[in-house]
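**Student:** Next input, structure requested:
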Amino acid sequence: MEYMHQHAARAAATVCAGRQRDPRQRRLVELNQLKSRAEKISVPLSYADELYALRNNLQLVRNKLQRL
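**Tutor:** A predicted model of the protein is given here:
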């Protein structure tokens, strides 16, 4: 029974720590997720420039956030 309480307390602490994470760090995680999704996008050749621009802009924003 004690183990269950320790496990529950550890899980609650993990959730709380995630909520208190730096907003910048949360945005970086979101940008990483968007980057992963953008890497999987397949478009016709006529839209390749737009896809390249999207990926490039995601990287630019990520770099700016990391410099803050």
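
**Student:** Show me which helix runs longest in this protein.
**Tutor:** Longest helix in the chain, counting residues (DSSP state H): helix 48-67.

**Student:** for that helix, which positions count as buried?
**Tutor:** 54, 58, 62 (16 or more other C-beta atoms under 10 Å). Where you see a C-beta, it was placed from the backbone N, CA and C, and this is true even at glycine.

**Student:** which one among the residues you listed gets closest to residue 41?
**Tutor:** residue 54 (8.1 Å; C-beta to C-beta).

**Student:** how near is residue 32 to residue 24?
**Tutor:** 13 Å (C-beta to C-beta, to the nearest Å).

**Student:** List just the nearest of the buried residues of helix 48-67 to residue 28.
**Tutor:** The closest of the buried residues of helix 48-67, once distances to residue 28 are taken by C-beta to C-beta, is residue 62, at 6.5 Å.

**Student:** No further queries at this time; thank you.
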